[in-house]
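Undergrad: Give me coordinates for this.
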Amino acid sequence: MCVDTGASVILAERDWVKRFAKNPRFSPTEPRKVGAVGSSFTLTEDVTFDVYFVGTVKGTEIKVHTTITVGIVEKLLAYLLLGTPFCDDHGMVVDFNKKWVKLKSAHDVTIPATVENRFPITRRVTAQCAATIFPDLVYYLPVNFVDLPEKRDEEGNLH
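TA: Modelled structure (predicted):
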């Protein structure tokens with residue numbers, strides 16, 4: 001499973017759904033074109049299924065249940081891609097430093113996560129102001145950035 005705050009859709013890989021999803025219900029949809037980094041594809045089928053997460057609330061381990069509807073994709077590397085619609089619907093907070101996600105929709109359950117950087121970090125960027133960006137709008141924010149030295153680990157920390 002992958003949480004991608006830059007993805008505008010929720011997707012699942014067909015074979016993964018058939019093997020692992022709880023109570024899957026497939027349905028055809030009106031074709032819709034989806035753009036991705038370096039490619040685009042058309043979704044023609046959705047599936048609704050139950051998802052369970054294990055996390056903690058105030059130190060107590062709990063299991064969280066939700067039902068999601070996702071677009072079906074063949075050969076999706078992430079198997080289940082939770083994009084911005086899922087993040088928004090569940091009030092997801094991502095803490096990259098502490099490596100957890102929190103779902104406000106489920107009593108602020110905290111779920112352990114790993115952070116994967118697909119591209120080397122080359123700059124440290126700081127926004128000059130805070131902004132609330134509403135859905136379907138584009139904002140241009142002034143930022144400061146500085147190039148990082150060559151010798152650093154995959155998380156951008158200096159050696």
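Undergrad: Show me what the helix or strand bottoming out on mean pLDDT in the chain is packed against.
TA: The helix or strand of the chain with the lowest confidence, counting by mean pLDDT, DSSP states H and E, is strand 123-127 at a mean of 74. If contacts are counted by 3 or more CB pairs under 8 Å, 6 or more residues apart in numbering; DSSP states H and E, strand 123-127 sits against strand 143-147. Where you see a C-beta, it was placed from the backbone N, CA and C, and this is true even at glycine.
Undergrad: Which neighbours in the sheet does the strand it packs on have, and how are they oriented?
TA: Counting by DSSP bridges, the strands paired with strand 143-147 are strand 123-127 (antiparallel).
Undergrad: So which residues lie in contact with the lengthiest strand in the chain, not counting its own?
TA: Using DSSP state E, we find that the single longest strand of the chain is strand 39-57. The contact list for strand 39-57, computed with CB atoms under 8 Å, 6 or more residues apart in numbering, reads 9, 11-12, 17, 21-29, 31-34, 61-73, 80, 103, 106-112.
Undergrad: 6 Å instead?
TA: With contact meaning CB atoms under 6 Å, 6 or more residues apart in numbering, strand 39-57 is reached by 17, 21-29, 31-34, 63-69, 71-72, 107, 109-111.
Undergrad: Please indicate which of the residues you listed are buried?
TA: Buried members of the contacts of strand 39-57, scored by 16 or more other CB atoms under 10 Å, are 17, 21, 24, 34, 64, 68, 71-72, 109-111.
Undergrad: Tell me the spacing between residue 96 and residue 117.
TA: 10 Å (CB to CB, to the nearest Å).
Undergrad: so how many other residues sit close to the closest residue to residue 147 other than its chain neighbours?
TA: Leaving aside its sequence neighbours, residue 147 sits nearest to residue 123 (CB to CB, 6 or more residues apart in numbering; 5.6 Å). Residues lying near residue 123 (other CB atoms under 10 Å) number 10.
Undergrad: Just give me the residue closest to the centre of this structure.
TA: Centrality entry for the chain: nearest residue to the mean C-alpha point is residue 3, 2.1 Å, by CA atoms, centre = their mean.
Undergrad: quick one: contacts for that one?
TA: Applying CB under 6 Å, 6+ apart to residue 3 gives the contacts residue 82.
Undergrad: For it, report the pLDDT, please.
TA: Here, the pLDDT recorded for residue 3 equals 90.
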